[in-house]
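K.L.:
predicted model follows, preceded by the sequence.
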Amino acid sequence: MKEAGLSVGIDFTGKCDRSPNTLLSHVLMDFALKTTNDNNALAERLFKAYFTDGIYPDLENLVTLAAEVGLDPEAARAHMSDQTAIEAVQAEVMKNSRSTNGVPFFIMNDIPAFSGAQDPATFLHAFAQVSK
């Protein structure tokens, strides 16, 4: 995995020695999307923090990472502590878990499409299908 990552500019260091429960990370991604209509920078930072920097995604570290990408850290903390927001993300996870059997998992036009690494032709076919 390390070699494959390096070939595309990702350094999987293995510095983080435990697997996280990613629920709060997903709640933070939800916050970013709702407040900025974009969570790409946050997603990139979360992956780099865990896989390269060895930063475990607990509440305090997630607040710090949110601030690093320009999100209001206290608003992010409040959202990740909001039981309603947590339950909404959990419900979304449960809804999608029935059809998700691998990562990454792709949804196109709110319809589960496919999971796992795919070749470009698979994406082109899926884009053609959803654009009809």
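P.N.:
Thanks, I have it.

K.L.:
can you map out the strands along this protein?
P.N.:
For the chain, the strands defined by DSSP state E cover 105-108, 111-115.

K.L.:
grab the nearest non-local neighbour of the most centrally placed residue in the chain.
P.N.:
Compute the mean C-alpha point of the chain, and by Cα atoms, centre = their mean the closest residue is residue 43, 5.2 Å away. Spatial nearest neighbour of residue 43, excluding adjacent residues (Cβ to Cβ, 6 or more residues apart in numbering): residue 29 at 6.5 Å. C-beta here means a position set from N, CA and C on the backbone, and glycine is covered the same way.

K.L.:
touching, the one you found and residue 39? I think so.
P.N.:
Yes. Residue 29 is within contact range of residue 39, at 4.8 Å (criterion: Cβ atoms under 8 Å).

K.L.:
just checking, which helix or strand of this protein averages the lowest pLDDT?
P.N.:
Sorting the helices and strands of the chain by mean pLDDT, DSSP states H and E puts strand 111-115 at the bottom, at a mean of 79.

K.L.:
buried residues, that one. List them.
P.N.:
Within strand 111-115, the residues scored as buried using 16 or more other Cβ atoms under 10 Å are 113-114.

K.L.:
please compute how far it lies from its chain's middle.
P.N.:
Relative to its chain's centre, strand 111-115 lies at 16 Å (Cα atoms, centre = their mean, to the nearest Å).

K.L.:
list the neighbouring strands of that strand plus their orientation.
P.N.:
The strands that strand 111-115 pairs with in its sheet are strand 105-108 (antiparallel) (by DSSP bridges).

K.L.:
list the contacts of the partner strand.
P.N.:
With contact meaning Cβ atoms under 8 Å, 6 or more residues apart in numbering, strand 105-108 is reached by 96, 112-115, 118, 126-127, 129-130.

K.L.:
stretch 58-71 too?
P.N.:
By Cβ under 8 Å, 6+ apart, the list of residues contacting stretch 58-71 reads 20, 24-25, 28, 31-32, 35-36, 41-42, 45-46, 49, 55, 57, 72-74, 76-77, 80-81.
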